[in-house]
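S.K.: Sequence plus predicted model, see below.
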Amino acid sequence: NIIWANDVAREIYGEDIVDRKCYEVYHQKNKPCEPYPCPTLQAFQDGKVHQYETQVTDKEGNCRHIDCIA
């Protein structure tokens, strides 16, 4: 679940994103992203920094390209 979101994320996805599944908010999916485990989960597991580029869909359905550092 999303445990914190910066102001930009809240503006793009709405104020209610904390405590929701990241794949539901960012990708409008009902299951974890492929490949699994995602780089964010890997960062929690190994304590290392993982950086990746991905496409997400905002709350209005627009595709956005983001650089994610976890």
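M.R.: All right, it came through fine.

S.K.: Which residues does the helix or strand encompassing Phe44 contact?
M.R.: Secondary structure from DSSP states H and E places Phe44 in helix 39-46. By CB atoms under 8 Å, 6 or more residues apart in numbering, the residues outside helix 39-46 that reach it are 22, 37, 48-52, 68, 70. Every C-beta, even on glycine, is put in place using the N, C-alpha and C of the backbone.

S.K.: Which SSE is immediately downstream of it?
M.R.: Sequence-wise, the next helix or strand downstream of helix 39-46 (DSSP H and E) is strand 51-57.

S.K.: List the pairing partners of that following strand within its sheet, with orientation.
M.R.: Strand 51-57 has its sheet partners listed here by DSSP bridges as strand 63-69 (antiparallel).

S.K.: okay, the partner strand in CSV with CA atoms only?
M.R.: What follows is strand 63-69 as a C-alpha-only set of coordinates in CSV (Å, rounded to 0.1, in the frame of the first residue of the first chain):
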residue,chain,number,x,y,z
CYS,A,63,-0.7,8.5,-19.8
ARG,A,64,2.3,10.0,-18.1
HIS,A,65,6.0,8.9,-18.3
ILE,A,66,7.7,9.1,-14.9
ASP,A,67,11.1,8.3,-13.5
CYS,A,68,10.7,6.4,-10.3
ILE,A,69,13.4,6.2,-7.7
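
S.K.: From here on, call the first residue 22.
M.R.: Renumbered: residue one is now 22, and that last one reads strand 84-90.

S.K.: how about it: buried residues?
M.R.: When neighbours are counted by 16 or more other CB atoms under 10 Å, no buried residue of strand 84-90 is found.

S.K.: ok and that strand relative to helix 60-67, angle-wise?
M.R.: Here the directions of strand 84-90 and helix 60-67 differ by 20 degrees (axes from the mean of the first three to the mean of the last three CA atoms, to 10 degrees).

S.K.: average pLDDT across strand 84-90?
M.R.: On average, the pLDDT along strand 84-90 is 85.

S.K.: contacting residues around that strand?
M.R.: Residues contacting strand 84-90 (CB under 8 Å, 6+ apart): 33, 60-61, 70-79.
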